[in-house]
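Enquirer: 3D model of this:
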Amino acid sequence: MVFTKIAGHLDDFKSSNKTIDWLELEWEELNKRILRKQTENGTDVSISLESGDHLHYGDVLYEDENTLIAIRTKLEKVYVITPKTMKEMGKMAFEIGNRHTPCIIEDNEILVRYDHTLEKLMDEVGVIYEQSERRFKEPFKYKGHQH
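Expert: Predicted coordinates:
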């Protein structure tokens, strides 16, 4: 199956009882517009979006009477960091930024991809953290920089 446009978003199909055949992507692949993959149920999928377009978690590529083909990201090992104070937040954000480690801040949590070398750093800062698994709904944002 070849897709050149997004058919909608899962939010538009909430009342539907259709089976979802997931196309699982790495979070980096959300930024791509040309992909060739296989869905969870083995359907070969080719995506070729127009320039400037990219995929989002929950995008629906296909719909028939019984099935939706939709995008989701793979479960990834992450650290969930929960600073208790603004001082802890500031210290941890500084240390993460100093390492150029991408992160996502949601509510009162800092999410970073699993990297065992971060544990010593988090212990030194004294921040609470746990290893978990999450599906990222957006790609990490890398910002260009010059020294």
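Enquirer: helices and strands around the longest helix along the chain, which ones?
Expert: With residue count as the measure and DSSP state H as the assignment, the chain has helix 86-98 as its longest helix. Counting by 3 or more Cβ pairs under 8 Å, 6 or more residues apart in numbering; DSSP states H and E, the packing neighbours recorded for helix 86-98 are strand 109-113, helix 118-125. Just so you know, the C-beta spots here come from the backbone N, C-alpha and C atoms, and that holds for glycine as well.
Enquirer: most tightly surrounded among these?
Expert: Among those, strand 109-113 has the highest mean neighbour count (mean count of other Cβ atoms under 10 Å), at a mean of 19.
Enquirer: put the alpha carbons of that one into CSV.
Expert: The C-alpha coordinates for strand 109-113 follow below in CSV (Å, rounded to 0.1, in the frame of the first residue of the first chain):
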residue,chain,number,x,y,z
GLU,A,109,8.8,15.3,34.8
ILE,A,110,11.9,15.4,32.7
LEU,A,111,12.1,12.5,30.2
VAL,A,112,15.5,11.4,28.7
ARG,A,113,16.3,8.3,26.7
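Enquirer: pull the distance from it to the chain's centre.
Expert: Relative to the centre of its chain, strand 109-113 is centred 12 Å away, using Cα atoms, centre = their mean, to the nearest Å.
Enquirer: that one pairs with which strands, parallel or anti?
Expert: On the basis of DSSP bridges, the sheet neighbours of strand 109-113 come out as strand 76-82 (antiparallel), strand 104-106 (antiparallel).
Enquirer: dump those to JSON lines, plus mean pLDDT and mean neighbour count.
Expert: JSON lines is the format used below for the strands paired with strand 109-113 (pLDDT from 0 to 100; neighbours: other Cβ atoms under 10 Å):
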{"stretch": "strand 76-82", "mean pLDDT": "95", "mean neighbour count": "18"}
{"stretch": "strand 104-106", "mean pLDDT": "87", "mean neighbour count": "14"}
